[in-house]
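# here you go, sequence then predicted model.
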Amino acid sequence: MSKESLHPGDIIENTYIDIGADTEEGYDISSRSREIARNTIGDKTPEDRIRQRCSIAVGDFAMAELMRFCYDPVLAGLTALAKGVPIFTDIRMVETGIQKKGHTSQVHCVLDIPAETEQSGTITRTSAGFLAARDQLDGSIIVIGNAPSALLVVCDMIRDGCKPALVIGTPVGFVNAAESKEVLRTILIPSISNEGTRGGTPIAVAALNEIITMFVSRQ
């Protein structure tokens, strides 16, 4: 699949699909939710689709206004999925939530990567995990839905030369969550984030799963 064929502008007219809905009832619920979100948020761009899905994930249309997209992240995500790049997550909830159908990318949680001895016990496990995975992050998709400390570490690594294809960073909480996302938005890297202290696993997973859905719709 060529880069040109993956331009986001080509995908917004496709029929709605939900590859995670395995039953008729599940698909009915999903499609009705999407119709409500589409009518409320709009459906003009691929980013609108992500706004819809993230709003559905938290049951609050206010989330749509909080989403931020930097440096063409949808195209970056589609291109990375076409290459089958690995996906690295901060916690297992995010790893579990990411759709495994329709693409060849392997999904890894950095908690499963042994941390370097000198870092153990001094920084968060998620931060240590991303540091341990640094040699595998170039060209990858990074999805952080929980840990602001890990997002700050990833931002530092990018400034030091690490080049992931896409960073989805939506940590939640009152300590460094909003600040870490602000830092992410200052970096010249395709990213999806949200403003403020809200966020979490549902937002991170929803953002990537919508890109995966777009990718599948192009097959």
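In hand now; what should we look at?
# next helix or strand past the helix or strand of the chain with the lowest mean pLDDT?
Lowest on mean pLDDT, DSSP states H and E among the helices and strands of the chain sits helix 24-41, with a mean of 86. Sequence order places helix 46-58 as the next helix or strand after helix 24-41, per DSSP states H and E.
# what comes up buried for that next one?
Under the neighbour-count criterion of 16 or more other Cβ atoms under 10 Å, helix 46-58 has 46-57 buried. Every C-beta, even on glycine, is put in place using the N, C-alpha and C of the backbone.
# helices or strands up against whichever helix or strand comes after that helix?
Sequence order places helix 62-66 as the next helix or strand after helix 46-58, per DSSP H and E. Identification of packing neighbours for helix 62-66 by 3 or more Cβ pairs under 8 Å, 6 or more residues apart in numbering; DSSP states H and E yields helix 46-58.
# if you set the cut-off to 10 Å instead, what comes out?
The contact analysis (3 or more Cβ pairs under 10 Å, 6 or more residues apart in numbering; DSSP states H and E) places helix 62-66 against helix 24-41, helix 46-58, strand 191-194, helix 201-217.
# Serialize these to TSV and add fields for distance to Ala150.
Converted to TSV, those look like this (distance: least, Cβ to Cβ, whole Å):
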stretch	distance to Ala150
helix 24-41	29
helix 46-58	20
strand 191-194	14
helix 201-217	12
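# just these: most buried one?
Here the criterion is mean neighbour count by mean count of other Cβ atoms under 10 Å, and of the helices and strands packed on helix 62-66 the winner is strand 191-194, at a mean of 27.
# and Ile168, that's in a helix?
No. Counting by DSSP: H, G, I helix; E, B strand; the rest coil, Ile168 is not part of a helix but strand.
# tally of neighbours for it?
28 (other Cβ atoms under 10 Å).
# and Asp72, by the same measure?
Neighbour tally, Asp72, other Cβ under 10 Å: 16.
# what about it, distance to Phe88?
The gap separating Asp72 from Phe88 is 21 Å, by Cβ to Cβ, to the nearest Å.
# same question for Val58.
23 Å.
# same deal with Lys163?
Lys163 is 14 Å from Phe88, by Cβ to Cβ.
# need the overlap of contacts for the two.
137, 140 (Cβ atoms under 10 Å, 6 or more residues apart in numbering).
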